[in-house]
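> Sequence and predicted structure are below.
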Amino acid sequence: MTGPLLTLAAKELRERLRNRWVLAVALVFTVFSLLISYFGAAQQGVVGPRSLALTVSSLVSLVIYLVPMIALLLGFDAIVGERERGSLELLLAHPLSGAELLLGKYLGLAAALTLSTLSGFALVGALLMQQFGVEALWHYGGFVLSSTGLGLAFLSLALLLSVLTRERTRASGLAIVLWFVFVLVFDLALLGTLVASGGALAGDAVAWLLLANPADVFRILNLFSLEQAEGLFGLGALMPPAFASPLWMGLALLGWIVAPLAAALWRFKPS
């Protein structure tokens with residue numbers, strides 16, 4: 001099984017490298033992350049990263065908006081696009097099962113997304129190491145790793161959309177809706193419900209509901225990894241103590257990667 005799967009994954013990665021998709025996304029990450037890291041405090045009359053916690057918390061906001069959008073745009077037509085072009089049957093004419101096709105597509109796209117993310121944040125990592133020492137790379141490395149995980153989670157969701165839809169235009173529309181729901185609407189709706197209930201829905205209930213959004217899992221994971229950011233955002237009063245564990249939040253993010261991909265494998269019908 002691994003032979004055809006890896007061959008297809010390598011083909012997907014080569015295509016993204018050939019059309020300079022990886023380079024373009026890496027440049028976007030580099031430019032925005034440098035601007036936020038170096039000029040984020042310019043309004044206070046200072047330039048350059050003044051605090052590791054504040055720099056990472058600012059980059060968290062960038063990642064939550066940018067990475068899910070890039071992942072959804074990358075993967076929404078992975079299957080439905082092949083189906084519309086009539087090349088899906090051609091691919092399956094090779095000694096390739098449906099599961100191998102889907103996993104090969106995912107692995108290739110995931111490799112491209114991971115490569116662009118790591119490349120895009122590398123320069124900021126060097127800047128932070130120069131400013132705060134090698135120890136800063138421990139926290140920053142965790143942030144970059146979780147950013148990659150967030151991208152893979154939304155890539156899994158994009159692949160699921162691509163499997164469930166029969167038209168590329170519908171898949172693209174649903175991908176945009178998904179981005180709006182998880183990145184913009186979810187927290188507003190939760191806050192509105194909390195206010196409307198007069199605080200009846202509070203404490204652990206709200207905290208557990210946040211696990212239903214991979215973007216919030218990513219946010220909690222990174223803000224709890226730095227005590228300064230935890231105090232800055234006042235999350236300590238809202239989150240259960242178990243949420244302070246990077247292990248549990250990392251497992252929650254892993255669940256968001258595995259579950260949609262497993263659902264896509266279950267629902268994928270090549271014909």
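Received the coordinates, thanks.
> just checking, Ala110 touches Leu155?
Yes: here Ala110 reaches Leu155: they are 6.0 Å apart, a contact under Cβ atoms under 8 Å. The way it works is simple: take the backbone N, C-alpha and C, and place the C-beta from them, glycine included.
> who has more neighbours, those two?
Leu155 (28 against 25; other Cβ atoms under 10 Å).
> give me the number of residues near the closest residue to Asp216 other than its chain neighbours?
Nearest residue to Asp216, sequence neighbours excluded (Cβ to Cβ, 6 or more residues apart in numbering): Leu210, at 4.1 Å. Counted with other Cβ under 10 Å, residues neighbouring Leu210 total 20.
> Leu210 reaches Leu191, doesn't it?
No: counting by Cβ under 8 Å, Leu191 is not a contact partner of Leu210; they are 11.2 Å apart.
> ok, Pro4 - contacts?
Taking Cβ atoms under 8 Å, 6 or more residues apart in numbering, we find Pro4 in contact with His94, Pro95, Leu96, Glu100, Gly104.
> Can you read off the pLDDT for it?
Confidence at Pro4, expressed as pLDDT, is 79.
> go on, the one 4 residues further on?
The confidence metric pLDDT takes the value 87 at Leu8.
> Would you mind measuring from it to Gly149?
As defined by Cβ to Cβ, to the nearest Å, Leu8 lies at a distance of 23 Å from Gly149.
> Equivalent analysis for Thr117, please.
Counting by Cβ to Cβ - Thr117 and Gly149 are separated by 10 Å.
> any weak-confidence spans in the stretch 151-271 of the chain?
Counting by pLDDT under 70, the stretch 151-271 of the chain has low-confidence residues at 197-204, 224-244, 271.
> ok, 50 please
Scanning the stretch 151-271 of the chain for pLDDT under 50 picks out the ranges 228-237.
> ranges for the helices of this structure?
2-18, 21-39, 52-75, 80-85, 87-92, 98-132, 136-164, 168-179, 186-196, 204-210, 214-223, 227-233, 246-267 (DSSP state H).
> among those, which is the most enclosed?
Greatest average neighbour count among the helices of the chain goes to helix 214-223 (a mean of 25), per mean count of other Cβ atoms under 10 Å.
> and it with helix 246-267, angle?
For helix 214-223 against helix 246-267, the angle by axes from the mean of the first three to the mean of the last three Cα atoms, to 10 degrees is 160 degrees.
> Which residues are in contact with the residue nearest to Asp216?
Contacts of Leu210 (Cβ under 8 Å, 6+ apart): Leu190, Asp216, Val217, Ile220.
> Next: Leu159.
Per Cβ under 8 Å, 6+ apart, neighbours of Leu159: Gly75, Ala78, Ile79, Leu102, Lys105, Tyr106, Leu109, Pro260, Leu261, Ala264.
> got CSV for the residues you listed, with distance to Leu159 too?
Formatted as CSV, the contacts of Leu159 follow (distance: Cβ to Cβ, whole Å):
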residue, distance to Leu159
Gly75, 5
Ala78, 6
Ile79, 7
Leu102, 7
Lys105, 7
Tyr106, 6
Leu109, 8
Pro260, 7
Leu261, 6
Ala264, 5
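> What count of nearby residues applies to the closest residue to Arg83 other than its chain neighbours?
Leaving aside its sequence neighbours, Arg83 sits nearest to Arg166 (Cβ to Cβ, 6+ apart; 7.1 Å). Using other Cβ under 10 Å, Arg166 is surrounded by 9 other residues.
> Hmm, Arg166 is touching Gly81, no?
No: Arg166 sits out of contact with Gly81 when judged by Cβ under 8 Å, with a separation of 11.5 Å.
> what's the overlap in contacts for the two?
Common neighbours of Arg166 and Gly81 (criterion: Cβ under 8 Å, 6+ apart): none identified.
> Of the contacts of Leu210, just say which sits nearest to Phe182.
Asp216 (8.5 Å; Cβ to Cβ).
> surely the closest one meets Phe186?
Yes: between Asp216 and Phe186 there is a contact under Cβ under 8 Å: 7.2 Å.
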